[in-house]
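**Q** Everything below, folded, please.
(4 chains)
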There are 4 protein chains.
Amino acid sequence: MTGRSAVSAVKAALKSQAVETPSWAFGNSGTRFKVFTQPGVPRTPAEKLADAARVHAHTGVAPTVALHIPWDRVDDYAGLADGARELGLRIGAINSNVFQDDDYKLGSVTHPDAAVRRKALGHLLECVDVMDATGSRDLKLWFSDGINYPGQDDISARQGRLAEALSAVYERLGDDQRMLLEYKLFEPAFYATDVPDWGTAYAHCLKLGEKAQVVVDTGHHAPGTNIEFIVALLLREGKLGGFDFNSRFYADDDLMAGAADPFQLFRIMYEVIRGGGYTSRTAFMLDQCHNIEEKIPAIIRSVMNVQEATAKALLVDADALDAAQRSGDVLAANAVLMDAFNTDVRPLVAEARAELGADADPVAAYHASGYGKRIAAERVGGTQAGWGA
Amino acid sequence: MTGRSAVSAVKAALKSQAVETPSWAFGNSGTRFKVFTQPGVPRTPAEKLADAARVHAHTGVAPTVALHIPWDRVDDYAGLADGARELGLRIGAINSNVFQDDDYKLGSVTHPDAAVRRKALGHLLECVDVMDATGSRDLKLWFSDGINYPGQDDISARQGRLAEALSAVYERLGDDQRMLLEYKLFEPAFYATDVPDWGTAYAHCLKLGEKAQVVVDTGHHAPGTNIEFIVALLLREGKLGGFDFNSRFYADDDLMAGAADPFQLFRIMYEVIRGGGYTSRTAFMLDQCHNIEEKIPAIIRSVMNVQEATAKALLVDADALDAAQRSGDVLAANAVLMDAFNTDVRPLVAEARAELGADADPVAAYHASGYGKRIAAERVGGTQAGWGA
Amino acid sequence: MTGRSAVSAVKAALKSQAVETPSWAFGNSGTRFKVFTQPGVPRTPAEKLADAARVHAHTGVAPTVALHIPWDRVDDYAGLADGARELGLRIGAINSNVFQDDDYKLGSVTHPDAAVRRKALGHLLECVDVMDATGSRDLKLWFSDGINYPGQDDISARQGRLAEALSAVYERLGDDQRMLLEYKLFEPAFYATDVPDWGTAYAHCLKLGEKAQVVVDTGHHAPGTNIEFIVALLLREGKLGGFDFNSRFYADDDLMAGAADPFQLFRIMYEVIRGGGYTSRTAFMLDQCHNIEEKIPAIIRSVMNVQEATAKALLVDADALDAAQRSGDVLAANAVLMDAFNTDVRPLVAEARAELGADADPVAAYHASGYGKRIAAERVGGTQAGWGA
Amino acid sequence: MTGRSAVSAVKAALKSQAVETPSWAFGNSGTRFKVFTQPGVPRTPAEKLADAARVHAHTGVAPTVALHIPWDRVDDYAGLADGARELGLRIGAINSNVFQDDDYKLGSVTHPDAAVRRKALGHLLECVDVMDATGSRDLKLWFSDGINYPGQDDISARQGRLAEALSAVYERLGDDQRMLLEYKLFEPAFYATDVPDWGTAYAHCLKLGEKAQVVVDTGHHAPGTNIEFIVALLLREGKLGGFDFNSRFYADDDLMAGAADPFQLFRIMYEVIRGGGYTSRTAFMLDQCHNIEEKIPAIIRSVMNVQEATAKALLVDADALDAAQRSGDVLAANAVLMDAFNTDVRPLVAEARAELGADADPVAAYHASGYGKRIAAERVGGTQAGWGA
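**A** As a prediction, this is how the structure comes out:
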């Protein structure tokens, strides 16, 4: 695929992209050492939506916002969804939180005590209610459940309790709703996490049924794990539900997507496209935190990084690659991929954005808009949103 | 479980143990930098069996020997098995080798060229013939297949080719034969390995059927991977076929089992016992190399390390552990496990060995036997067995 | 060294041991996700000292307590030291904290802004005042300083600023005071930490002079790092100031010392003894957190783990090891070390403790004492101590 | 720095670049599993030089070739250097090899046996003779020395032996000669390597004097190590002697420089330039192997990758970066770096090459030249060069 028609197909694909922003990325976050606050941080879910709308306005490809319950708990979820629509947004995935109550010290759905498990399940079911009320399609389940010391609890028994809870939630899902199961190597559990890897998530989803899918958080793997391999495999199996994008140099640390290893993000997007996953069935979500950098432009930059990686992946010359692969020409095949990666796609992506009515230079446009200064001046008093750890 | 009856149950369990030795561990091995040879190294499969018989004589729990085809290729496999029986041994797993022919530079069963795939499949089927001839139950499949550079070949297409080959081999298995699929993070493939993790192996085995099982090589994981978690999970799913034991401080490097992290080996054996895997359905195999240390005593020491880890795991007070876990007493639960680990089980294991007619101190007995000096004197000329890389 | 006289030498060495407890381990701690509180947690530095005194009473080898400024800030430090003495304790290392003020978002002594650097330096000098007032010998410096994104600041310029601050603090030290410089791979900085490894700490300490020493935190290394090698090297260079003991399976996570890899702790203690570091010039400190387990017994258990690792290391037969090493007998040399490690030293350590007037079973004695219930009942109201992130 | 003059300064800098190729990269190599051969592989050092000359002809920036003794042993080293000069090349670093004799099983300069140490030292001194004869400036020392098992040998004693050997070699160096000491985390030693990290190499070089410098092999670090930080630090200390470039996804595996993480290579080159290391005092060497890909074009591609990373690093707007760093604008500072990285520098680099009389598209030019086919046809018979493991 070359020439003008190819470029226009790439642009069309870029214009159809949808990257979901996480409501919590607009709030305060930090490390166990310190949470540094910033002026202008939202106090309410509505203010988070307003910030998300700015990201969408500047980039043109961030039309949905993920919620996190209870951080985004409101009395009127339908009203919240209406508010989103007025801002040109939709509610994305509902993220459950069964790790911040004192009861969850030793686990939530895998806790040895059935009462705690019931409470946790109740929360998960409440999240489906929120989905119903907001029109959300996806329930994203991340469990901090695990143990810190060998022997602390029975690994296998915990799997059984997990399966039971997942099954109950699955039964509650509506026809157009999905459950996205996330895995994470460690933290906050420090010896054994109950869903530590894609294999575990896959095994559970397989038993649950087709509405259960695996979500790949790019920061949640052991060092050296080939993430794009997992992506290719899950797509083959029809089990890739989506992504939580972020990046890291060490353990999970929520740097901006594409900031630590832009080549990896490109390879991931290449496998997505190659495997037929570049559709609305795959949720492309950001899940990251901005501890020291300005939050809204950091999210804009992250969306742009995903766009640019996508553009490069779309530019891979599939025919040339296939020919080189079939002929066993290692260097030629690698060169086809690298040619796409080495291309400066920023002008192309800027064009696609402009055609969407968004900004060629979203970060500059954001700064020029004065929005950051305005919210810093207006959002005074109240309690800034945050993780509340 | 305490007191004298408990100890005698532990001893009985220890006496029923069977650790399989790998024929190649008796031969030369090394790194890509250098293979250091030793006097007395076997030149033939029969000599390897003789060495394995010594290990079994001294330890009492190493009754089977794994073969590696073509390294152990002989004209008369039935005769080889007879020879083993005369030495008090049986043939264990048949290990295929589809990585040392020039044709396999870009892969074997996943190679882009169908002719190479056919050749590789032919070898795998030949290995089943060897199983038939030797009475071996298990076909162990490890594939070095993978790619060194992004783009080199299509990750998903390779999965398809792999599935096809596995399926053909599976069909060929007899009623009492199994296929054990091994995974490995990397090496010799340096970008993407076709079976890199337990999830991939599990997904393939699940589709193949109950005769396909996953084998866990303790050296084949990303840094930080919790191996005993995988063991617990595979046992729950009925998919743990066995182990390749060895140990490492860094990447896969084939140190003696239990040498690098004896606590990890203990935790693994605990999960095996806890999950009902301490039966003959689980193959407890060594897969390691002895590059600089004397080979036979290194294998003896490895068998002993597995025995000692098993003894400690058998000593875990299951009732106390269960009570502590149910009550959420983190420290008490951990202490139950640590009490077993901190026990000096060497006298108990020595007793069990003595009751089997083997040696209380197998390494000393080996040295006292003069066997090492004898083979060094006798095995002169010919070509020492090795990997032949 | 064998027989009764050897055992009594080992016991004497064990009885001379001093493990320093960290005041903050008695307070609340957690992860960025959640801090779970416990009843009975100290509200004041004095209450922390009381808890530390319990640990010393039960173990007999925990006579000093490290302070953390400002978490342990009091008006009257001399009075605090007097209070410690009355409890049979001394003040150990003073730990500075230049990471929790809003000013430190982009660094403390390496911050691009000279005003922030001055403030941070002022705090470090204040810590030396606290040393003067409390009789503390060691200033422990850990800097969270670093950057999250490539380009965020100039790596080399930050080293210059760091050197400047360290030099100013060094000049302020009294004749009997030392500066212990700690390194850490990452967290909270996520791209480049200003003192990430022992080499960096060593280079700075070398220039500063002999009162500057490196402190090894066992949790602060890249995966696969051989910590005992670093210990041996620093001892050779006269630059090992001490340890922050803790353990981990993944990244830094502050599990109890010896809990994750007891064999590693043994190897570390072996190198300490081998290198002549088993003296009061080496500070053996715990630096860990107890997020879900009961704190005081967790600290007791950690002290015991250090004791047991030390006992095993002391039992290594130095002559036999030397002979095996000189003869190049890999397996024999390794076996000498493993013999010591496989020994159950709990009876020996219990004896040593009893001879010190402490408890043979410190954890049981602690529970029998009723202390935990008492503080839970008495310490009601006020604000529990914690990191205050 | 912007505009036309800036671009011409960048081009001038690119044209002055010198990337050293390693003679062994033209020979056969592989893993411990298999060495796959290729037609046309050199049989002699002279043929390796001929291949290296092709790389220089096409790229214009590869004027020196590193030798490896004994792999490149010849009777007449002066003649070899003359031959190089006739091809437009010079002899680069002399690489010693004290790991392939049977004597070195337990070490070379750190071996417990003084006779082996003497032999190893003799080889190192012989390498200085080769430097004298060839006009080489740099002696590159990599030691495979280390131990596989805890206790195998005394870590500290080995450091003493190492220091002794290094000192003897240092004394032998001529006025214009340097010693470059390389470090490597592991392999072939699997428990403790005698020079495992930059800190160890630095400590030795510091004591030896200014002719001893550290060489950074980009593949020789623990997972997560920030290599550009080490570069910045060594440059500050005047101790960066040069690089062994290659890349990897897992452990050391010698993929083409820049192939696994082009962003990392860019960051490294940025720190080189920033720290004043972009001079002839820094040796920019490739050290990699081409196991499955065609060798000469793989080396050409690697040189080009270094060029492109350098070009991007040269394009970083230093003033804008400095301003953003001073103002604490995290995102702006990062954006300055990323702008340079995201630039497609291939046209600029092609221009620089063309101005040097080399090829705009070196890989295409190589293939068009027919050289590969010619050597495949001509180099028949004899023994292909390789590692000879």
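**Q** And the average pLDDT for stretch A:262-277 is what?
**A** Averaged over stretch A:262-277, pLDDT sits at 98.
**Q** Next: stretch A:43-58.
**A** 98.
**Q** Pull out the buried positions in it.
**A** Going by neighbour count (16 or more other C-beta atoms under 10 Å in any protein chain shown), the buried part of stretch A:43-58 is A:45, A:47-58. Any C-beta I mention is one placed from the backbone N, CA and C, and that applies to glycine too.
**Q** between those, which is closest to residue D:250?
**A** Set against residue D:250, the nearest of the buried residues of stretch A:43-58 by C-beta to C-beta is residue A:55 (36.3 Å).
**Q** where along the stretch 251-389 of chain A do the strands fall?
**A** A:283-286 (DSSP state E, counting those that start in this stretch).
**Q** OK, now which residue of it is nearest to chain B?
**A** Nearest residue of the stretch 251-389 of chain A to chain B (C-beta to the nearest C-beta) works out as residue A:337 at 3.4 Å.
**Q** now, which of the buried residues of stretch A:43-58 lie within helices?
**A** Under the assignment DSSP state H, these contribute A:45, A:47-58 to helices.
**Q** Same list, those residues, but as CSV with distance to chain D please.
**A** Output for those, formatted as CSV (distance: C-beta to the nearest C-beta, whole Å):
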residue, distance to chain D
A:45, 25
A:47, 21
A:48, 20
A:49, 23
A:50, 20
A:51, 16
A:52, 18
A:53, 20
A:54, 15
A:55, 14
A:56, 19
A:57, 19
A:58, 14
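**Q** Among those residues, which one lies nearest to residue B:144?
**A** residue A:55 (45.8 Å).
**Q** In contact with the nearest residue to the closest one once chain neighbours are set aside: list those residues for me.
**A** Using C-beta to C-beta, 6 or more residues apart in numbering or on different chains and skipping the chain neighbours, the partner closest in space to residue A:55 is residue A:62 (4.8 Å). By C-beta atoms under 8 Å, 6 or more residues apart in numbering or on different chains, the contact list for residue A:62 reads A:18-21, A:52, A:55-56, A:299, A:303.
**Q** Swap in 10 Å and give it another go.
**A** A:17-21, A:52-56, A:89, A:92, A:284, A:286, A:299-300, A:302-303, A:306-307, A:358, A:362 (C-beta atoms under 10 Å, 6 or more residues apart in numbering or on different chains).
**Q** Distance of it relative to residue A:91?
**A** 13 Å (C-beta to C-beta, to the nearest Å).
**Q** Now the common contact residues for the two.
**A** Common neighbours of residue A:62 and residue A:91, using C-beta under 10 Å, 6+ apart, are residue A:20.
**Q** could you pull out the helices for the stretch 51-200 of chain A?
**A** With DSSP state H, counting those that start in this stretch applied, the stretch 51-200 of chain A shows helices at A:77-86, A:114-134, A:155-172, A:198-208, listed in chain order.
**Q** Of those helices, which is nearest chain D?
**A** helix A:198-208 (17.7 Å).
**Q** and the angle for the next helix or strand along the chain from the closest one with helix A:155-172?
**A** Going down the chain from helix A:198-208, the next helix or strand is strand A:212-217, by DSSP states H and E. Here the directions of strand A:212-217 and helix A:155-172 differ by 110 degrees (axes from the mean of the first three to the mean of the last three C-alpha atoms, to 10 degrees).
**Q** Tell me which other helices or strands strand A:212-217 touches.
**A** strand A:138-141, helix A:155-172, strand A:178-182, helix A:198-208, helix A:227-236, strand A:240-245, strand A:283-286 (3 or more C-beta pairs under 10 Å, 6 or more residues apart in numbering or on different chains; DSSP states H and E).
**Q** Strand partners (parallel or antiparallel) of that strand?
**A** strand A:178-182 (parallel), strand A:240-245 (parallel) (DSSP bridges).
**Q** from what I can see residue A:355 touches residue A:61, true?
**A** No - contact criterion C-beta atoms under 10 Å: residue A:355 and residue A:61 do not qualify, at 11.5 Å.
**Q** Overlap of the contact sets of the two?
**A** A:14-15.
**Q** Which one's more surrounded, those two?
**A** More neighbours surround residue A:61 than the other of residue A:355 and residue A:61, with 25 against 13 (other C-beta atoms under 10 Å in any protein chain shown).
**Q** Just give the closest residue to that one, not the sequence neighbours.
**A** Computed as C-beta to C-beta, 6+ apart, the closest residue to residue A:61 that is not its neighbour in sequence is residue A:17, at 4.6 Å.
**Q** Over to residue A:207?
**A** What sits nearest to residue A:207 in space, not counting adjacent residues and going by C-beta to C-beta, 6+ apart, is residue A:163, at 7.2 Å.
**Q** Thanks a lot, see you next time.
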